[in-house]
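Asks: okay, sequence plus prediction incoming.
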Amino acid sequence: MTATKFDKRICGALVKRGMLTQERCDEVLAGASENGKIVEDLLFEKGYVTEPDLIAAMALEAGFPPVDLAKVKVASEVLEDLPQDLATYYGVLPLAKIGDILTLAVSNPFDIVKLDDVETVTGCDIRPVVSTSRAIRKAIEKAYNPGQEEMEQLMDAQQTAANDLELTETKPDEDVDLAEITGTAEGSPVIKLVNLIIYQAIKDGASDIHIEPFEKRLRVRYRQDGILRETVNPPKRMQNAIISRLKIMADMDIAEKRRPQDGKFQVKVDGRPVDFRVSVLPVVHGEKVVARILDPSNLTLSLDRLGFEPKALEDFRKATAASYGMVLVT
């Protein structure tokens with residue numbers, strides 16, 4: 001594979017500004033041709049140049065502003081103009097939109113054909129800003145899957161706690177390849193994530209877990225004190241695996257996706273059993289799951305923990321202590 005004109009232009013821009021010697025430039029271009037690697041990746045691997053220096057050199061060469069994508073938060077409505085698959089294909093990321101002008105992060109500002117294609121797809125005038133292909137790849141994943149990074153951080157923080165949750169009842173179909181659905185390792189991301197959702201719900205004193213699929217996202221909500229509260233949501237791409245994992249735990253048919261199903265399972269948390277009743281209902285964008293949590297420890301409440309006002313509690317205690325009469329709970 002021969003080094004492209006853009007590869008030579010990258011190295012030429014660095015040499016011109018004294019950031020790279022000609023010898024190293026020739027070495028990197030030869031390495032890219034022999035190994036089929038991207039020139040910028042080779043530059044970073046060998047430590048010949050830093051990412052900010054490369055962005056600065058290319059911005060000066062192209063005459064477009066540089067951008068640090070790690071510090072940019074992209075609004076969801078901006079992403080609607082360019083789907084994730086096209087952003088990945090073209091290696092670009094829409095950052096902001098004012099009227100019909102779309103600010104677009106690009107790694108190759110000299111590829112006019114690519115910019116024209118994006119302009120046609122979005123129907124906007126393109127205002128390029130310069131970054132690297134590596135930074136754009138990371139930013140695309142973060143921008144189009146906003147819950148993923150936050151979920152991974154939460155999973156890492158709760159790793160020990162979620163591992164304390166033990167499934168005590170499960171009867172998966174012997175013909176089902178569990179490794180294919182939930183990963184080959186016992187601690188696969190899907191299993192960890194489902195354990196975390198269950199553990200966090202029990203810890204927060206929730207009575208139900210709702211897992212609801214939408215067109216572009218998957219929502220997880222806990223019912224606490226009668227109110228549905230949204231939690232950190234998993235990436236959309238994990239939707240089928242999460243629901244399949246719950247169906248396996250509840251002894252349901254994972255191949256059946258068109259009919260409602262009901263099941264149950266039990267887990268142990270801190271040595272105490274907690275029962276779950278699970279319902280799965282087909283909806284427009286997948287399957288909705290509702291799990292009722294039956295935690296015996298939540299049933300043993302004293303009067304002091306029921307939320308009475310002090311005067312009402314005093315009256316109630318006086319009424320229940322009376323030798324005759326009736327107390328109506330309505």
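Replies: Perfect, I can see it now. Residues are numbered from 1 along each chain as shown.

Asks: I'd like the secondary structure assignment at R237, please.
Replies: Using DSSP: H, G, I helix; E, B strand; the rest coil, the structure places R237 in helix.

Asks: and it, what is it in contact with?
Replies: R237 sits next to N145 when contact means CB atoms under 8 Å, 6 or more residues apart in numbering. All C-beta spots, glycine's among them, are computed from the backbone N, C-alpha and C.

Asks: switch to 6 Å and redo it
Replies: For R237, the contact set (CB atoms under 6 Å, 6 or more residues apart in numbering) is empty.

Asks: where along the stretch 101-250 of the chain do the helices fall?
Replies: Assigned by DSSP state H, counting those that start in this stretch, the helices in the stretch 101-250 of the chain fall at 112-122, 133-144, 146-157, 159-163, 178-182, 189-203, 239-249.

Asks: low pLDDT regions in this protein?
Replies: Scanning the chain for pLDDT under 70 picks out 1-3, 35-36, 146-187, 297-301.

Asks: so where's the longest strand in it?
Replies: strand 272-283 (DSSP state E).

Asks: what packs against the following helix or strand past that one?
Replies: Per DSSP states H and E, the first helix or strand lying C-terminal to strand 272-283 is strand 286-294. When contacts are defined as 3 or more CB pairs under 6 Å, 6 or more residues apart in numbering; DSSP states H and E, strand 286-294 packs onto strand 208-213, helix 239-249, strand 272-283.

Asks: need the winner for burial among the ones you listed.
Replies: helix 239-249 (a mean of 22; mean count of other CB atoms under 10 Å).

Asks: tell me which other helices or strands that one touches.
Replies: For helix 239-249, the contact count by 3+ CB pairs under 6 Å, 6+ apart identifies helix 189-203, strand 286-294 as packing neighbours.

Asks: can you check which of the ones you listed gets nearest to K216?
Replies: Comparing these against K216 with CB to CB, the closest turns out to be strand 286-294 (11.9 Å).

Asks: return the list of strands paired to the closest one, each annotated with direction.
Replies: Strand pairing for strand 286-294, determined by DSSP bridges: strand 208-213 (antiparallel), strand 272-283 (antiparallel).
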